[in-house]
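Enquirer: After the sequence you'll find the predicted model.
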Amino acid sequence: MTLRLTEEQAHALRQLAEADGLSEQDAAVRAITEAAARVRAGRIAALSREGRTRYALLLDRLAQ
C-alpha cells in the first residue's frame, strides 16, 4: 500500500515518529489504530445511550 501525503502531512508524520521514537511506518500504524479505537468507543457509547433511552421504562421496572 502506498500512502500519499501532502508535505505538511509528511512533516507532521516525521515529527510524530521522532517524538515517539518510532519509524514513520510504525507511527502511522499507531495513529490509525488509535483513531479506529476512538471511533469504536464512540459507536459503543452511542449505542449504549440509545439503548438506555429506548429501554428506559423497562430498565426502571427491572431496577425495582
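Expert: Everything's here; your move.

Enquirer: rest of the way, CA atoms for contacts and neighbours
Expert: OK.

Enquirer: quick check, distance from the longest helix along the chain to the centre of its chain.
Expert: Longest helix of the chain, by residue count under DSSP state H: helix 24-54. Counting by Cα atoms, centre = their mean, to the nearest Å, helix 24-54 is centred 4 Å from the centre of its parent chain.

Enquirer: and that helix, what does it pack onto?
Expert: Packing partners of helix 24-54 (3 or more Cα pairs under 8 Å, 6 or more residues apart in numbering; DSSP states H and E): helix 7-20.

Enquirer: Can you name every helix or strand that the helix it packs on contacts?
Expert: Using 3+ Cα pairs under 8 Å, 6+ apart, helix 7-20 sits against helix 24-54.

Enquirer: what mean pLDDT does the helix or strand just after the helix it packs on have?
Expert: Next along the chain after helix 24-54, taking DSSP states H and E as the criterion, comes helix 56-63. For helix 56-63, mean pLDDT rounds to 90.

Enquirer: picking up where we left off before, how much does the longest helix of the chain deviate in direction from helix 56-63?
Expert: Using axes from the mean of the first three to the mean of the last three Cα atoms, to 10 degrees, the inter-axis angle of helix 24-54 relative to helix 56-63 is 80 degrees.
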